[in-house]
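1. model this:
(chains A and B)
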Amino acid sequence: MTSEPEKINITVEFSGGLELLFSNQHHHKVTIPSHQQKTDEKSNTTQGPRTTIRDLVTYLCDEVMKDPRRDLFVLDGTVRPGILVLINDTDWELEGEDAYEIKEGDAVLFVSTLHGG
Amino acid sequence: MAPKPCALCTTNPAAIVRPKDRSALCKPCFFNVFETEIHHTITSTNLFTRGERIAIGASGGKDSTVLASVLKTLNERYDYGVELILLSIDEGIKGYRDDSLETVKRNAKEYGMELTILGYKELYGWTMDQVVEQVGKKGNCTYCGVFRRQALDRGAAKLGVKHVVTGHNADDVAETVLMNLLRGDLPRLSRTTSIVTSTPSSVASSTDPASHTNIKRSKPLKYAYEKEIVLYALHKNLTYFSTECIYSPEAFRGSARALIKNLERVRPSAILDVVRSGEDMAKLCPGSDEGCGGACGSNNTSAIPLAEEEEGGCGSSNGRSAGSEMANMDRQLADNEAAAENDLEVEITYHGRDGTQQKVKKTPKKIKGQAAGVVPRKTVAKQVMGKCSKCGYLSSQDVCKACTLLEGLNKNRPKNHIEVGYEEVEPIDGKKESLDLNGVTEQTQTLEIAGSG
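-> Below you'll find the predicted structure:
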């Protein structure tokens, strides 16, 4: 399996103040690989596990977020407590949280509850 | 993976996990349960009375937006017979409040509620931007908190409203409980856990209908999780405004908040557990209404929570001196003793202050003698709740905290800037103020104010 990893298109939305970290833009169309890549000891890359919310969060931090304050979004490698995640309008707690495997066309919403009014 | 069905209706797919008990509900069942629980909070504490006019402290944020929406729904569904209006405070922070006030105006229209916007500028002669310019970004939350508390009461008085509800939720209360625990401030802990904060009967002299010393404060969302408030707003498509105050986010509250949120991730029930613990600790605290079974309150004006020192939204207590705290505590202990003397609190002395089993004699005199023998205490000059000599606001001091802060501000203000004195706030009628829909609309959406520090 040496072919290029398949890409999937999803929409990502930020609200509750989180959008401030993402160029003040609520909606983002994101294209990510469907699987992560694995590199073995001979530097051969093969297809790894499917891309999860955890991978998406890393991707968003690396590729989409312009604001340097990563820690307002991520803590200990996962979404910061106090930020709600909805996958296709459903609480991510029902979907396996950050281990959820992302599918084509998914809509992922991150809402901060941390900001005041 | 087949979607999990709702735990209540068992037909719709579940969309929400309740932090309280981890139950998975569909949207309609969640709305219903969320509203019903708030209804239960309201009825079980007899929060509202029929015919009452109630002002909702509205900031345009998630909590007050959801509060306004839910109260409107419940008032119609259960026929509380209360009149709901919106009251907003404009602190005068450019790029922060003016955007959220737009949201409040939209809500007012949508819910068909009357809206009043009151500015710090008109109340105190200072906007928060000007205060920050003067005192810097450190400690300005004290000013904002003290001013806001009075502002809501003054606004309520102006509208002839005796009851103000705020959107404080379970997370806020838990946060405050932790903060006060960490500060060792039990008297304040007991005050902030109570669903109703200022006690209307505390000042007997307020016969004046426009008096702002007799306003009841309550938090109907006290047991509602922040997560559920946000999800309610989200799934109901309520528009709210979210931003952080551009001036120093309070470091201590921030840490308490992070702690609460981390706890929630591991054990979601922790938030309500902390709230309940706070309530239980409050009962043990001298001077609390529950602690003395209400007996002290009936014959003692000073045992009532001090409205004037209640925390505002930002909840900084920096301005509160430890000395006055101690004095209050001491006074309350003295009150308890006085109550024991009147044979009102036999059970307290029964446990024995020195740990020895005391034989309970029903004669109050004996008990008093023992108590006095074990804990000698100097008498504390009794603090009487009165009115601020400058503005007339409820205060235990001659001059209330807002006036003291203002005095400091005004002293340093360049002479040519002194125009509006706080005395002008007292005569409540006469000036414009209500429903100024055009006055604050011109601000743009920028969040840059950095230059003013």
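2. gap between the residue in chain B that chain A sits nearest to and residue B:230?
-> Among all residues of chain B, residue B:61 sits closest to chain A, at 1.1 Å; criterion: CB to the nearest CB. To be clear about C-beta, it is placed using only N, CA and C from the backbone, and glycine gets the same treatment. According to CB to CB, to the nearest Å, residue B:61 stands 11 Å off from residue B:230.
3. so where is chain B shaky, pLDDT-wise?
-> B:1-2, B:198-213, B:244-250, B:286-385, B:394, B:413-453 (pLDDT under 70).
4. Now do the same for residue A:32: helix, strand or coil?
-> Secondary structure, DSSP: H, G, I helix; E, B strand; the rest coil: residue A:32 is strand.
5. for it, what are its contacts?
-> By CB atoms under 8 Å, 6 or more residues apart in numbering or on different chains, residue A:32 lies in contact with A:7, A:8, A:10, A:51, A:55, A:56, A:59, A:102.
6. phi, psi of the residue of chain B closest to chain A?
-> phi -80, psi 180 (degrees, to the nearest 10).
7. Thought residue B:168 was touching it, still the case?
-> No. Contact criterion CB atoms under 8 Å: residue B:61 and residue B:168 do not qualify, at 11.4 Å.
8. So which residues of chain A form helices?
-> A:53-59 (DSSP state H).
9. which parts of the stretch 101-250 of chain B sit against chain A?
-> Counting by CB under 8 Å from any CB of the partner chain, the stretch 101-250 of chain B comes close to chain A at B:167, B:171, B:226-227, B:229-231, B:234-235, B:240-245.
10. Distance of the residue nearest in space to the middle of chain A relative to residue A:46?
-> Central residue of chain A (CA atoms, centre = their mean): residue A:56, 2.5 Å from the mean position. Separation of residue A:56 from residue A:46 (CB to CB) stands at 21 Å.
11. same thing with residue B:389?
-> Separation of residue B:389 from residue A:46 (CB to CB): 80 Å.
12. try residue B:47
-> According to CB to CB, residue B:47 and residue A:46 sit 63 Å apart.
13. Compare those two (neighbour count), which wins?
-> Neighbour count, other CB atoms under 10 Å in any protein chain shown: between residue B:47 and residue A:46, residue B:47 has more, with 20 against 12.
14. Do I have it right that that one meets residue B:41?
-> Yes. With contact defined as CB under 8 Å, residue B:47 reaches residue B:41; the gap is 7.4 Å.
15. hey, what's in contact with both of the two?
-> Contacts common to residue B:47 and residue B:41, judged by CB under 8 Å, 6+ apart, are B:195, B:220.
16. Can you name every helix or strand that the strand or helix carrying residue B:262 contacts?
-> Using DSSP states H and E, residue B:262 sits in helix B:251-266. When contacts are defined as 3 or more CB pairs under 8 Å, 6 or more residues apart in numbering or on different chains; DSSP states H and E, helix B:251-266 sits against helix B:170-183, helix B:270-284.
17. what about 6 Å?
-> helix B:170-183 (3 or more CB pairs under 6 Å, 6 or more residues apart in numbering or on different chains; DSSP states H and E).
18. List the buried residues for the helix it packs on?
-> Of the residues in helix B:170-183, B:170, B:171, B:172, B:173, B:174, B:175, B:176, B:177, B:178, B:179, B:180, B:181 count as buried by neighbour count, 16 or more other CB atoms under 10 Å in any protein chain shown.
19. which one among these gets closest to residue A:34?
-> residue B:171 (37.1 Å; CB to CB).
20. Share the number of residues neighbouring the nearest residue to the closest one once chain neighbours are set aside, please.
-> Using CB to CB, 6 or more residues apart in numbering or on different chains and skipping residues adjacent in sequence, the residue nearest residue B:171 is residue B:226, 4.0 Å away. Neighbour count of residue B:226, defined by other CB under 10 Å: 26.
21. May I have the residues that are in contact with residue B:226?
-> By CB atoms under 6 Å, 6 or more residues apart in numbering or on different chains, residue B:226 lies in contact with A:113, B:169, B:171.
22. any chance of those in JSON lines, with distance to residue B:214 too?
-> As requested, the contacts of residue B:226 are exported to JSON lines (distance: CB to CB, whole Å):
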{"residue": "A:113", "distance to residue B:214": "35"}
{"residue": "B:169", "distance to residue B:214": "26"}
{"residue": "B:171", "distance to residue B:214": "30"}
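23. Which parts of chain A are strands?
-> Under the criterion DSSP state E, chain A carries strands at the ranges A:7-15, A:27-33, A:35-39, A:45-50, A:74-75, A:78-79, A:83-87, A:90-91, A:107-112.
24. Save the ones you listed as TSV, and put in distance to residue B:32 too.
-> Below are the strands of chain A laid out as TSV (distance: least, CB to CB, whole Å):
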stretch	distance to residue B:32
strand A:7-15	24
strand A:27-33	30
strand A:35-39	41
strand A:45-50	36
strand A:74-75	34
strand A:78-79	28
strand A:83-87	20
strand A:90-91	17
strand A:107-112	22
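25. I'd like those strands as TSV, with mean pLDDT appended.
-> Listed next are the strands of chain A as TSV, based on pLDDT from 0 to 100:
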stretch	mean pLDDT
strand A:7-15	95
strand A:27-33	95
strand A:35-39	86
strand A:45-50	87
strand A:74-75	90
strand A:78-79	91
strand A:83-87	96
strand A:90-91	96
strand A:107-112	95
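26. just so I know, which of the ones you listed lies nearest residue B:152?
-> Comparison of those against residue B:152 by CB to CB identifies strand A:107-112 as nearest, at 25.8 Å.
27. For the closest one, buried residues please.
-> Buried residues in strand A:107-112, counted by 16+ other CB under 10 Å: A:108, A:109, A:110, A:111, A:112.
28. Quick check, residue B:25 in contact with residue B:16.
-> Yes. The criterion here is CB atoms under 6 Å, and residue B:25 meets it with residue B:16 at 5.2 Å.
29. Of the two, which one has the most company?
-> residue B:16 (29 against 23).
30. Now for the more buried one: which residues touch it?
-> Here residue B:16 is in contact with A:91, B:25, B:30, B:231 (CB under 6 Å, 6+ apart).
31. just residue B:196 next, same as before
-> residue B:218.
32. what pairs with it across the strands?
-> Per DSSP bridges, the residues bridged to residue B:196 are residue B:218.
33. between the contacts of residue B:226, which is nearest residue B:99?
-> Nearest to residue B:99 among these, with distances taken as CB to CB, is residue A:113, at 19.0 Å.
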